[in-house]
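In: Any chance you can model this:
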Amino acid sequence: MAFSPPITDEIAAEAVAALQEHGSYERAAKSLGIARSTFGNRLLKAAQRGLDGSVPKPIPPGQRVKGLSTLYDAGGNKVLEWVKTADDASIADLTQTVKDAFEGWVPPAWDNGTAPITDADLMTVYSLADIHLGLRAVADESGADFDLDIASKRFRDVTARLFDRSPNSDTALILQLGDFSHVDDDLALTPSSKNTLQVSDRLLDIAKVGVQIMVDYVYHALRKHRRVIVKVLKGNHDLNAWIALYIGLSEHFRGNDRVTIDGGSADYWFFRFGVTLIGAHHGHRLKPEQMAGAMAMECREDWGETLYRLFLHGHLHHRRVIEVLGVSVECMRTIAEVDQHHSGKYGSGKSLTSITLHRTNGEDGRQQINLPPIYKRAVRMSA
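Out: Reported below is the predicted structural model:
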């Protein structure tokens, strides 16, 4: 790969001068002996540094330059030039927002800090797959309205019902399987593929609501279970935004000896309970058929010492169970609606499931809360 030297102020200013002299990107780039894309990048750097006269100094607080646009007339003369900016939602901003969200926070009324009576031989796994906070859907496109307010209310309602039905096992393992947030920044694009997303709110608002509902979720788990373990995994929609959720939870429950927030950042995660080995991954880097092999390769000792193996993932938005090398690989459903782009493509049901494991007997039972399917009616013409 060829080395690209840094764009100094002199190089950036040279590009501005060439554009002023030649009047078009093509002629200016040719005069400098560089590609048009390289020339455009130098102009962008000039705009970011205020070297072209088109960017006010300073750029408004909370904004960052994301692109440069220039309008020319029919003769190739520059008529107007402007800089496109976007909200600067950095990880530091997200972290501070999360901390601010808990100023004046009080525990739920039902939390008295007392551990419940539980069955020491049981652990219940609560998986949260593809919650997609911030996704926007409208009924005439997707069959149902959906936004951040609807999503947070649905999350609280469905998880409360699931907790009520699940047994008082000693340990709760909460697996957040990725794509908890629908977006990774305020550009409304998927981080890697750059697909356009329909979004209802700013990332900072999504992060704030996400941490608040997850904190209450953990407190609800403490009503049922003596110990709560939480694992936050990244997905393809929240490759960086997941960090805000992790930091918010770990800071809030710091010093709580009944809550453990796992701090690892690996894309796949493994946990052992008695004779059962559990794997977790969002599903964007490993195909379901590959997950058993990853478990065997990365957890050789635990693989040999366990009798039952379970691998949970999301990403596909529908329930799918396959058995590979004796491992039950299960895709968990979402409770989010589909956006306009996916409307008509995914007809799967929506539900949340808890799986209870016995220390020596493997899976001991499961509970599931279902949501009604989307409801559309065909247009009918009168006779």
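In: counting contacts, what elements does whichever strand or helix holds Lys231 pack onto?
Out: Using DSSP states H and E, Lys231 maps to strand 227-232. In terms of contacts (3 or more C-beta pairs under 8 Å, 6 or more residues apart in numbering; DSSP states H and E), strand 227-232 is packed against strand 169-176, helix 203-224, helix 242-252, strand 259-261, strand 268-273. Quick note: C-beta positions are derived from backbone N, CA and C, even for glycine.
In: now the shortest one, how far from the centre of its chain.
Out: Right, strand 259-261. Between the centre of strand 259-261 and the centre of its chain there are 20 Å (C-alpha atoms, centre = their mean, to the nearest Å).
In: Name every strand pairing with that strand and say which way it goes.
Out: Using DSSP bridges, strand 259-261 pairs in its sheet with strand 227-232 (parallel).
In: Could I have the CA atoms of the strand it pairs with written out in PDB?
Out: Extracted as PDB, the C-alpha positions of strand 227-232 are listed here (Å, rounded to 0.1, in the frame of the first residue of the first chain):
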ATOM      1  CA  ARG A 227     -26.600 -12.400  41.700                       C
ATOM      2  CA  VAL A 228     -26.800 -10.700  38.300                       C
ATOM      3  CA  ILE A 229     -24.100 -10.900  35.600                       C
ATOM      4  CA  VAL A 230     -24.400  -8.600  32.600                       C
ATOM      5  CA  LYS A 231     -22.500  -8.900  29.300                       C
ATOM      6  CA  VAL A 232     -22.800  -6.100  26.700                       C
END
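In: Show me what that strand is in contact with.
Out: The contact list for strand 227-232, computed with C-beta atoms under 8 Å, 6 or more residues apart in numbering, reads 170-176, 180, 218, 221-222, 242, 245-246, 249, 258-262, 264, 269, 271, 280.
In: for stretch 38-46, what is the average pLDDT?
Out: Stretch 38-46 carries an average pLDDT of 77.
In: thinking again about what came up before, and the buried ones among the contacts of strand 227-232, selectable in ChimeraX?
Out: In ChimeraX syntax, the buried subset of the contacts of strand 227-232 is picked out as below (16 or more other C-beta atoms under 10 Å):
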select :170,171,172,173,174,175,176,180,218,221,222,242,245,246,249,259,260,261,262,269,271,280
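In: returning to that earlier point: closest to Ala151 out of the helices and strands packed on strand 227-232?
Out: Closest of the helices and strands packed on strand 227-232 to Ala151 is helix 203-224, at 8.3 Å (criterion: C-beta to C-beta).
In: helices or strands up against that closest one?
Out: Checking 3+ C-beta pairs under 8 Å, 6+ apart, helix 203-224 ends up next to helix 91-100, helix 148-165, strand 169-176, strand 227-232, helix 242-252.
In: try 10 Å
Out: helix 91-100, strand 119-128, helix 148-165, strand 169-176, strand 227-232, helix 242-252, strand 259-261 (3 or more C-beta pairs under 10 Å, 6 or more residues apart in numbering; DSSP states H and E).
In: what's the angle from that helix to helix 148-165?
Out: On the basis of axes from the mean of the first three to the mean of the last three C-alpha atoms, to 10 degrees, helix 203-224 is oriented at 10 degrees to helix 148-165.
In: Can you mark which positions in helix 203-224 are buried?
Out: Across helix 203-224, burial judged by 16+ other C-beta under 10 Å covers 203-204, 206-224.
In: Could you single out the most deeply buried of the helices and strands packed on helix 203-224?
Out: The highest average neighbour count among those, using mean count of other C-beta atoms under 10 Å, belongs to strand 169-176 at a mean of 24.
In: In terms of secondary structure, what does it contact?
Out: Using 3+ C-beta pairs under 10 Å, 6+ apart: strand 169-176 touches strand 119-128, helix 203-224, strand 227-232, helix 242-252, strand 259-261, strand 268-273, strand 276-281, strand 350-358.
In: can you list those in TSV and add mean pLDDT?
Out: Output for these, formatted as TSV (pLDDT from 0 to 100):
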stretch	mean pLDDT
strand 119-128	98
helix 203-224	95
strand 227-232	98
helix 242-252	95
strand 259-261	97
strand 268-273	97
strand 276-281	98
strand 350-358	97
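In: Now distance to Arg136 too, for the ones you listed, in a markdown table please.
Out: Listed next are these as a markdown table, based on distance: least, C-beta to C-beta, whole Å:
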| stretch | distance to Arg136 |
| --- | --- |
| strand 119-128 | 20 |
| helix 203-224 | 11 |
| strand 227-232 | 24 |
| helix 242-252 | 20 |
| strand 259-261 | 30 |
| strand 268-273 | 30 |
| strand 276-281 | 27 |
| strand 350-358 | 17 |
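In: looking at the ones you listed, which is closest to Val329?
Out: Here strand 276-281 is closest among these (C-beta to C-beta), at 8.4 Å.
In: which is the next helix or strand following that closest one?
Out: Strand 276-281 is succeeded, C-terminally, by helix 288-298 (DSSP H and E).
In: In space, what's closest to Ala241 - neighbours in sequence excluded?
Out: In space, Ala241 comes closest to Ser181 once its chain neighbours are excluded; the distance is 4.5 Å by C-beta to C-beta, 6 or more residues apart in numbering.
In: Many thanks, we can stop here.
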